[in-house]
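*Asks:* Okay, here's the prediction I keep looking at, along with the sequence it came from:
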Amino acid sequence: MNTPLRIAFFAGQFPVVSETFILRQITGLLDLGHDVDIFSDARPEPGAPRHAAVAKHRLLERTTCMDMPPECAPWELPVLPLAGETWLPGASEAIPNWKRLADALPALGRCLERAPVLTEQALSEVHSGHRARSLSALYRLDRLSALPGGYDVLHAHFGRVGPEATGPRESLGDS
């Protein structure tokens, strides 16, 4: 193949020192001349060890973190009923569900403006399942719909991450 590909990698967290196979795939594609961007639900743990290849290939500069509230990722806790509360594991107090919804309203407005059909899908339990109930699909769409599209390949690691990449495929696919 003579034309370099634009590839989007989706991971639950990046970088993770034990996931050398992901690191090798990404650096191998970069070494072959492909353009790779990384999308991560969670930021790496502060002070966690990193492979030298992360700095060598400037992978953190290629990584976009979804920056979702923890009740959306990694916990995927439902926002309904609105009169209820969400307890994060280890939390000393609950988060009112109405506040979670109110906090998501700016993301909802941006998504409706940029991609109304995808927004409807992100909020549909039929299309997005538990990701709709936790609002994580909405937060992911908000982050991804702000980026220029045009990826040739969307690649997700691990079964849990695969469905998370299906929602943005329309906003990140070839434009």
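*Replies:* That came in fine, so what should we check first?
*Asks:* contacts and neighbour counts: CA atoms only from here.
*Replies:* Will do.
*Asks:* which stretches of this structure aren't confidently modelled?
*Replies:* 1, 158-175 (pLDDT under 70).
*Asks:* Can you tell me the SS state at the residue in it sticking out farthest from the centre?
*Replies:* The C-alpha centroid of the chain is most remote from residue 2, which lies 29.9 Å away (CA atoms, centre = their mean). What DSSP: H, G, I helix; E, B strand; the rest coil gives for residue 2 is coil.
*Asks:* I'd like the distance between it and residue 153.
*Replies:* 16 Å (CA to CA, to the nearest Å).
*Asks:* Over to residue 136?
*Replies:* From residue 136 to residue 153 the distance is 22 Å (CA to CA).
*Asks:* So these two - more neighbours on which side?
*Replies:* residue 136 (30 against 16; other CA atoms under 10 Å).
*Asks:* Quick check: chain neighbours aside, which residue is closest to that one?
*Replies:* Of all residues not flanking residue 136 in the chain, residue 72 sits nearest, at 4.9 Å (CA to CA, 6 or more residues apart in numbering).
*Asks:* was I right about that neighbour contacting residue 132?
*Replies:* No - contact status for residue 72 versus residue 132: not in contact, 9.7 Å apart, counting by CA atoms under 8 Å.
*Asks:* can you give me the strands in the protein?
*Replies:* According to DSSP state E, the chain carries its strands in the segments 6-13, 35-42, 63-65, 85-86, 95-96, 153-156.
*Asks:* Okay, now the sheet partners of the third one, with direction.
*Replies:* Paired strands of strand 63-65, with direction, are strand 35-42 (parallel) (DSSP bridges).
*Asks:* what comes into contact with the strand it pairs with?
*Replies:* 4-14, 26, 29-30, 59, 62-68, 73-74 (CA atoms under 8 Å, 6 or more residues apart in numbering).
*Asks:* The residue farthest from the centre of the chain and residue 34: what is the separation?
*Replies:* 10 Å.
*Asks:* and the lengthiest helix in the chain, which residues are buried?
*Replies:* Ranked by number of residues, the top helix in the chain under DSSP state H is helix 97-114. Of the residues in helix 97-114, 97-98, 100-101, 104, 107-108, 110-111, 114 count as buried by neighbour count, 16 or more other CA atoms under 10 Å.
*Asks:* Columns distance to residue 128 on top of the residues you listed, output as TSV?
*Replies:* Shown next, in TSV, are these (distance: CA to CA, whole Å):
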residue	distance to residue 128
97	19
98	21
100	18
101	17
104	17
107	17
108	15
110	19
111	15
114	18
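*Asks:* Quick check, residue 154 in contact with residue 8.
*Replies:* Yes - counting by CA under 8 Å, residue 154 touches residue 8, with 4.8 Å between them.
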